[in-house]
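> fold the following.
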Amino acid sequence: MAALTESPFTEIIRRLISMLHGTNRLPGPLWRSEGGGVPSLMMTAVFSLGYWLFFGATSIVLYPGAVLLCLATAPFDPQRT
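Numbering: from 1, shown residues only. The predicted structure follows:
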């Protein structure tokens, strides 16, 4: 299997990670793991981005339905004045 070449963005990510951790030592390769399995750091970032995109998109889509449900049931709520 051919090794993936790192993009310029990978270098930026590596430098940001080192700044966040307060160290001058750069982390190792982001696209390859030690054992040749799934790369942990990059896959975590991809999963996190996908999760928050899904969360935001579904929140935007479902919010109008929640408002309509609240408005439709408001007349039947005995605790409302």
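> can you list contacts of stretch 44-62?
Outside stretch 44-62, the residues that touch it by CB atoms under 8 Å, 6 or more residues apart in numbering are residue 13. All C-beta spots, glycine's among them, are computed from the backbone N, C-alpha and C.
> need the longest helix for the chain.
Scanning the chain for the longest helix, with DSSP state H as the assignment, gives helix 40-73.
> which positions in it come out as buried?
If you call a residue buried by 16 or more other CB atoms under 10 Å, then helix 40-73 has these buried ones: 41-42.
> where does this protein dip in pLDDT?
Scanning the chain for pLDDT under 70 picks out 1-7, 23-40, 81.
> how does it look with 90?
Along the chain, segments meeting pLDDT under 90 span 1-48, 77-81.
> residue 13: neighbour count?
17 (other CB atoms under 10 Å).
> what about it, which SS state?
helix (DSSP: H, G, I helix; E, B strand; the rest coil).
> so how far is residue 48 from it?
13 Å (CB to CB, to the nearest Å).
> and what of residue 69?
31 Å.
> got it, and residue 15?
Taking CB to CB, one finds residue 15 at 19 Å from residue 48.
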